[in-house]
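3D, please:
(one chain, ligands or ions: 1)
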Amino acid sequence: MKFSVLVLLFLISVFAFAEVKLPANFKLYRIEVNTFWQTNCYILTGETNKAIIIDPGDELKFIPKEDREIQDRDVYHSTGEHAARIDFIIKKYNITPQMIIYSHGHLDHLSSATMLKEKYKCETVMHKGDVRDGYPKDNRLFDLPLPKVDRTVEDGEIIKLDGMELRVIHTPGHSPGGISLFTTFNGQPYLFSGDTLLYHTTGRTNFKDGSGSDKLLFESITKRLFALPDDTIVFPGHYEYTTIGEEKVSNYVVDSYRKLFAPED
Ligand SMILES: [Zn+2]
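Below is the predicted model:
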(Lines give C-alpha, C1' and ligand atoms only; values in the text may rest on other atoms or scores of the structure.)
Protein backbone atom coordinates (compact mmCIF):
# COMPACT_ATOMS: atom_id res chain seq x y z
CA MET A 1 0.00 0.00 0.00
CA LYS A 2 1.32 3.47 -0.93
CA PHE A 3 2.46 5.80 1.87
CA SER A 4 -0.01 8.55 0.81
CA VAL A 5 -2.89 6.07 1.06
CA LEU A 6 -1.75 5.07 4.55
CA VAL A 7 -1.60 8.73 5.61
CA LEU A 8 -5.09 9.28 4.19
CA LEU A 9 -6.47 6.23 6.01
CA PHE A 10 -4.83 7.46 9.23
CA LEU A 11 -6.36 10.93 8.83
CA ILE A 12 -9.78 9.44 8.07
CA SER A 13 -9.56 7.29 11.18
CA VAL A 14 -8.42 10.19 13.40
CA PHE A 15 -11.16 12.41 12.00
CA ALA A 16 -13.77 9.72 12.49
CA PHE A 17 -12.49 9.02 15.99
CA ALA A 18 -12.69 12.64 17.09
CA GLU A 19 -15.88 13.94 15.65
CA VAL A 20 -18.72 11.99 17.24
CA LYS A 21 -19.53 10.95 20.79
CA LEU A 22 -22.10 9.63 23.22
CA PRO A 23 -23.00 11.49 26.44
CA ALA A 24 -21.75 10.36 29.86
CA ASN A 25 -25.10 8.86 30.88
CA PHE A 26 -25.59 7.03 27.59
CA LYS A 27 -26.98 3.48 27.79
CA LEU A 28 -27.17 0.69 25.24
CA TYR A 29 -29.70 -2.14 25.21
CA ARG A 30 -29.48 -5.08 22.81
CA ILE A 31 -32.51 -7.22 21.98
CA GLU A 32 -32.57 -10.19 19.64
CA VAL A 33 -35.71 -9.50 17.63
CA ASN A 34 -35.91 -12.38 15.21
CA THR A 35 -35.34 -15.96 16.31
CA PHE A 36 -34.83 -17.41 12.83
CA TRP A 37 -32.36 -14.80 11.58
CA GLN A 38 -31.03 -13.80 15.04
CA THR A 39 -31.34 -10.11 14.23
CA ASN A 40 -30.07 -7.56 16.75
CA CYS A 41 -32.02 -4.45 17.67
CA TYR A 42 -30.13 -1.76 19.61
CA ILE A 43 -31.66 0.92 21.80
CA LEU A 44 -29.34 3.86 22.56
CA THR A 45 -30.42 6.41 25.15
CA GLY A 46 -28.97 9.88 25.64
CA GLU A 47 -28.76 12.64 28.26
CA THR A 48 -32.47 12.71 29.10
CA ASN A 49 -33.32 9.08 28.20
CA LYS A 50 -34.50 9.88 24.69
CA ALA A 51 -33.68 6.98 22.38
CA ILE A 52 -32.44 6.08 18.95
CA ILE A 53 -33.58 2.58 18.03
CA ILE A 54 -31.46 0.81 15.43
CA ASP A 55 -33.07 -2.02 13.43
CA PRO A 56 -36.36 -2.71 15.22
CA GLY A 57 -37.19 -6.06 13.64
CA ASP A 58 -39.81 -8.51 14.85
CA GLU A 59 -40.71 -12.19 14.79
CA LEU A 60 -42.14 -12.93 11.35
CA LYS A 61 -44.66 -15.52 10.19
CA PHE A 62 -44.35 -16.67 6.61
CA ILE A 63 -47.62 -16.70 4.69
CA PRO A 64 -47.37 -18.55 1.37
CA LYS A 65 -49.36 -17.17 -1.50
CA GLU A 66 -51.61 -20.24 -1.51
CA ASP A 67 -53.02 -19.05 1.83
CA ARG A 68 -53.96 -15.64 0.52
CA GLU A 69 -56.96 -14.53 -1.45
CA ILE A 70 -55.97 -10.99 -2.35
CA GLN A 71 -52.32 -11.04 -3.40
CA ASP A 72 -50.56 -13.52 -5.65
CA ARG A 73 -47.26 -13.53 -3.77
CA ASP A 74 -45.73 -14.87 -0.57
CA VAL A 75 -45.65 -12.37 2.30
CA TYR A 76 -44.58 -12.13 5.93
CA HIS A 77 -46.75 -11.17 8.86
CA SER A 78 -45.13 -9.35 11.76
CA THR A 79 -46.33 -11.16 14.90
CA GLY A 80 -45.68 -8.31 17.35
CA GLU A 81 -43.89 -10.73 19.68
CA HIS A 82 -40.59 -8.86 19.73
CA ALA A 83 -42.23 -5.45 19.26
CA ALA A 84 -43.73 -6.22 22.69
CA ARG A 85 -40.26 -6.99 24.10
CA ILE A 86 -38.89 -3.69 22.74
CA ASP A 87 -41.87 -1.91 24.31
CA PHE A 88 -41.27 -3.72 27.60
CA ILE A 89 -37.69 -2.34 27.75
CA ILE A 90 -38.94 1.14 26.82
CA LYS A 91 -41.47 1.14 29.66
CA LYS A 92 -39.23 -0.56 32.24
CA TYR A 93 -36.46 2.02 31.83
CA ASN A 94 -38.68 5.07 31.16
CA ILE A 95 -37.21 5.53 27.70
CA THR A 96 -38.63 8.04 25.22
CA PRO A 97 -38.01 6.66 21.71
CA GLN A 98 -37.66 9.45 19.16
CA MET A 99 -35.81 8.01 16.19
CA ILE A 100 -35.60 4.72 14.29
CA ILE A 101 -32.55 4.16 12.13
CA TYR A 102 -32.60 1.23 9.71
CA SER A 103 -29.10 0.01 8.92
CA HIS A 104 -30.67 -1.22 5.68
CA GLY A 105 -34.04 -2.18 4.23
CA HIS A 106 -34.19 -5.96 4.79
CA LEU A 107 -37.33 -7.45 6.29
CA ASP A 108 -35.88 -8.76 9.57
CA HIS A 109 -34.70 -5.27 10.64
CA LEU A 110 -37.89 -3.31 10.17
CA SER A 111 -41.28 -4.34 11.36
CA SER A 112 -41.44 -3.27 15.03
CA ALA A 113 -41.23 0.23 13.55
CA THR A 114 -45.00 0.09 13.03
CA MET A 115 -45.59 -0.14 16.80
CA LEU A 116 -42.87 2.44 17.58
CA LYS A 117 -44.27 4.89 15.06
CA GLU A 118 -47.84 4.50 16.28
CA LYS A 119 -47.08 4.66 20.01
CA TYR A 120 -44.12 7.02 20.16
CA LYS A 121 -44.24 8.97 16.85
CA CYS A 122 -40.63 8.09 16.10
CA GLU A 123 -38.92 9.57 13.06
CA THR A 124 -37.79 6.84 10.60
CA VAL A 125 -34.35 7.35 9.08
CA MET A 126 -32.37 5.44 6.44
CA HIS A 127 -30.12 5.82 3.39
CA LYS A 128 -31.97 6.60 0.17
CA GLY A 129 -30.39 3.58 -1.55
CA ASP A 130 -32.82 1.29 0.30
CA VAL A 131 -35.94 3.44 -0.10
CA ARG A 132 -38.55 2.36 -2.67
CA ASP A 133 -41.52 4.70 -3.30
CA GLY A 134 -41.06 6.26 0.14
CA TYR A 135 -40.86 2.93 2.04
CA PRO A 136 -38.02 0.64 3.14
CA LYS A 137 -37.30 -1.65 0.20
CA ASP A 138 -38.70 -4.85 1.75
CA ASN A 139 -42.05 -3.22 2.54
CA ARG A 140 -43.47 -5.24 -0.39
CA LEU A 141 -42.71 -8.49 1.47
CA PHE A 142 -45.14 -7.71 4.31
CA ASP A 143 -48.88 -8.25 4.44
CA LEU A 144 -49.33 -4.83 6.07
CA PRO A 145 -47.36 -1.72 5.01
CA LEU A 146 -44.53 -0.41 7.19
CA PRO A 147 -44.33 3.28 8.18
CA LYS A 148 -43.03 5.59 5.45
CA VAL A 149 -39.41 6.74 5.66
CA ASP A 150 -39.37 10.27 7.12
CA ARG A 151 -35.77 11.21 6.42
CA THR A 152 -32.87 9.94 4.33
CA VAL A 153 -29.23 10.31 5.37
CA GLU A 154 -25.99 10.48 3.38
CA ASP A 155 -22.47 9.25 3.91
CA GLY A 156 -20.62 11.49 6.38
CA GLU A 157 -23.79 12.94 7.92
CA ILE A 158 -23.86 13.22 11.72
CA ILE A 159 -27.12 12.04 13.26
CA LYS A 160 -27.74 13.86 16.56
CA LEU A 161 -30.23 13.20 19.33
CA ASP A 162 -30.20 13.98 23.06
CA GLY A 163 -26.42 14.49 23.21
CA MET A 164 -25.73 11.40 21.06
CA GLU A 165 -23.83 11.75 17.80
CA LEU A 166 -23.56 8.98 15.21
CA ARG A 167 -21.59 9.36 11.98
CA VAL A 168 -23.14 7.69 8.94
CA ILE A 169 -20.78 5.55 6.87
CA HIS A 170 -22.39 4.37 3.63
CA THR A 171 -21.42 0.69 3.35
CA PRO A 172 -23.22 -0.81 0.32
CA GLY A 173 -22.74 -4.42 -0.78
CA HIS A 174 -25.19 -6.41 1.36
CA SER A 175 -27.79 -3.91 0.15
CA PRO A 176 -27.48 -0.69 -1.89
CA GLY A 177 -28.45 1.61 0.99
CA GLY A 178 -26.61 -0.18 3.79
CA ILE A 179 -25.09 2.11 6.43
CA SER A 180 -22.86 1.67 9.44
CA LEU A 181 -22.94 4.10 12.38
CA PHE A 182 -19.78 5.20 14.15
CA THR A 183 -19.50 6.89 17.53
CA THR A 184 -17.28 7.10 20.62
CA PHE A 185 -17.95 6.85 24.35
CA ASN A 186 -15.30 7.93 26.89
CA GLY A 187 -12.69 7.64 24.13
CA GLN A 188 -13.80 4.12 23.16
CA PRO A 189 -14.91 3.85 19.51
CA TYR A 190 -18.06 1.90 18.61
CA LEU A 191 -19.57 0.84 15.32
CA PHE A 192 -23.07 -0.40 14.55
CA SER A 193 -22.32 -2.31 11.37
CA GLY A 194 -25.74 -3.54 10.22
CA ASP A 195 -25.27 -6.59 8.00
CA THR A 196 -22.07 -5.27 6.39
CA LEU A 197 -19.58 -6.71 8.89
CA LEU A 198 -20.51 -9.60 11.21
CA TYR A 199 -18.42 -11.67 13.65
CA HIS A 200 -15.85 -13.52 11.47
CA THR A 201 -18.13 -13.19 8.43
CA THR A 202 -20.12 -10.64 6.41
CA GLY A 203 -23.69 -10.14 5.30
CA ARG A 204 -24.72 -12.24 2.32
CA THR A 205 -24.81 -10.87 -1.22
CA ASN A 206 -26.52 -13.67 -3.16
CA PHE A 207 -29.99 -12.18 -3.36
CA LYS A 208 -32.10 -13.30 -6.28
CA ASP A 209 -33.00 -9.70 -7.18
CA GLY A 210 -29.33 -8.88 -7.77
CA SER A 211 -29.25 -6.17 -5.07
CA GLY A 212 -26.11 -7.58 -3.40
CA SER A 213 -22.56 -6.92 -4.60
CA ASP A 214 -19.47 -8.81 -3.41
CA LYS A 215 -17.13 -6.13 -4.73
CA LEU A 216 -19.00 -3.25 -3.07
CA LEU A 217 -19.17 -5.22 0.21
CA PHE A 218 -15.43 -5.91 0.09
CA GLU A 219 -14.68 -2.23 -0.58
CA SER A 220 -17.07 -1.02 2.12
CA ILE A 221 -15.37 -3.24 4.69
CA THR A 222 -11.74 -2.82 3.70
CA LYS A 223 -11.74 0.84 2.65
CA ARG A 224 -14.22 2.29 5.14
CA LEU A 225 -14.62 0.04 8.17
CA PHE A 226 -11.04 -1.25 8.37
CA ALA A 227 -9.92 2.42 8.37
CA LEU A 228 -11.49 2.78 11.82
CA PRO A 229 -9.36 2.18 14.93
CA ASP A 230 -8.57 -1.49 15.63
CA ASP A 231 -10.13 -1.29 19.09
CA THR A 232 -13.50 -0.21 17.68
CA ILE A 233 -16.16 -2.46 19.21
CA VAL A 234 -18.51 -3.62 16.46
CA PHE A 235 -22.18 -4.27 17.21
CA PRO A 236 -23.49 -6.10 14.14
CA GLY A 237 -27.00 -6.70 12.78
CA HIS A 238 -26.75 -10.40 13.70
CA TYR A 239 -24.95 -12.57 16.26
CA GLU A 240 -22.33 -11.46 18.77
CA TYR A 241 -20.12 -8.36 18.91
CA THR A 242 -16.56 -8.17 17.60
CA THR A 243 -13.83 -5.58 16.98
CA ILE A 244 -12.30 -4.08 13.85
CA GLY A 245 -8.86 -5.46 14.80
CA GLU A 246 -10.29 -8.97 15.25
CA GLU A 247 -12.05 -8.87 11.88
CA LYS A 248 -8.95 -7.64 10.06
CA VAL A 249 -7.20 -10.92 10.91
CA SER A 250 -10.03 -13.46 11.37
CA ASN A 251 -12.66 -12.80 8.73
CA TYR A 252 -12.57 -15.67 6.24
CA VAL A 253 -15.14 -14.06 3.90
CA VAL A 254 -13.10 -10.84 3.61
CA ASP A 255 -10.00 -13.00 3.05
CA SER A 256 -11.67 -14.84 0.18
CA TYR A 257 -12.89 -11.54 -1.29
CA ARG A 258 -9.32 -10.24 -1.09
CA LYS A 259 -8.11 -13.11 -3.25
CA LEU A 260 -10.75 -12.19 -5.83
CA PHE A 261 -10.58 -8.39 -5.81
CA ALA A 262 -7.17 -7.40 -4.42
CA PRO A 263 -4.81 -10.35 -4.85
CA GLU A 264 -1.72 -8.08 -4.80
CA ASP A 265 -2.37 -6.83 -1.22
ZN1 LIG B 1 -29.87 -7.75 5.70
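
In contact with the residue of the stretch 101-250 of the chain found nearest the ion, which residues?
Closest residue of the stretch 101-250 of the chain to the ion, CB to the ion: His106 (3.3 Å). Any C-beta I mention is one placed from the backbone N, CA and C, and that applies to glycine too. Residues in contact with His106 (CB atoms under 8 Å, 6 or more residues apart in numbering) are Lys137, Asp138, Ser175, Asp195.

where's it relative to Asn139, distance?
Going from His106 to Asn139 by CB to CB, to the nearest Å gives 11 Å.

now Val249
Relative to Asn139, Val249 is positioned 39 Å away (CB to CB).

neighbour-wise, which of the two wins?
Asn139 (21 against 9; other CB atoms under 10 Å).

Could you find the closest non-adjacent residue to the more buried one?
Leu146 (4.8 Å; CB to CB, 6 or more residues apart in numbering).

For the stretch 151-265 of the chain, which residues are neighbours of the ion?
By CB under 5 Å from the ion, the residues of the stretch 151-265 of the chain that approach the ion are Asp195.

still on that earlier bit, which one of the contacts of His106 has the most neighbours?
Of these, with other CB under 10 Å as the count, Ser175 tops at 29 neighbours.

sec struct for it, please.
Put simply, Ser175 is coil when judged by DSSP: H, G, I helix; E, B strand; the rest coil.

Surely it is in contact with Arg204?
No - at 10.1 Å, Ser175 and Arg204 do not qualify as touching, with contact defined as CB atoms under 8 Å.

what do the two both touch?
With CB under 8 Å, 6+ apart, Ser175 and Arg204 have common neighbours Asp195, Gly212.

What residues sit buried inside stretch 223-237?
Neighbour-count burial for stretch 223-237, with 16 or more other CB atoms under 10 Å as criterion, is recorded at Arg224, Leu225, Phe226, Ala227, Leu228, Pro229, Thr232, Val234, Phe235, Pro236, Gly237.

Phi, psi for the residue of the stretch 101-250 of the chain closest to the ion please.
Reported as degrees, to the nearest 10, the phi and psi values for His106 are phi -80, psi 150.

before we move on, what about Lys223?
The phi/psi pair for Lys223 (degrees, to the nearest 10) reads phi -90, psi -30.

likewise Ile86?
Torsion angles, degrees, to the nearest 10, at Ile86: phi -60, psi -40.

related to what we said a few turns ago, list the contacts of the residue nearest to Asn139.
The contact partners of Leu146, by CB under 8 Å, 6+ apart, come to Leu110, Ser111, Ala113, Thr114, Tyr135, Pro136, Asn139.

same deal with Phe218?
Gly173, Val254, Tyr257, Arg258, Leu260, Phe261, Ala262.

re the thing from before, and the furthest pair within the contacts of His106?
Lys137 and Asp195 (13.3 Å; CB to CB).

Which positions in the stretch 1-150 of the chain make contact with the ion?
So the stretch 1-150 of the chain meets the ion at His106 (CB under 5 Å from the ion).

picking that back up, and the buried ones among the contacts of Phe218, selectable in ChimeraX?
Buried residues among the contacts of Phe218 (16+ other CB under 10 Å), as a ChimeraX selection:
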select :173,254,257
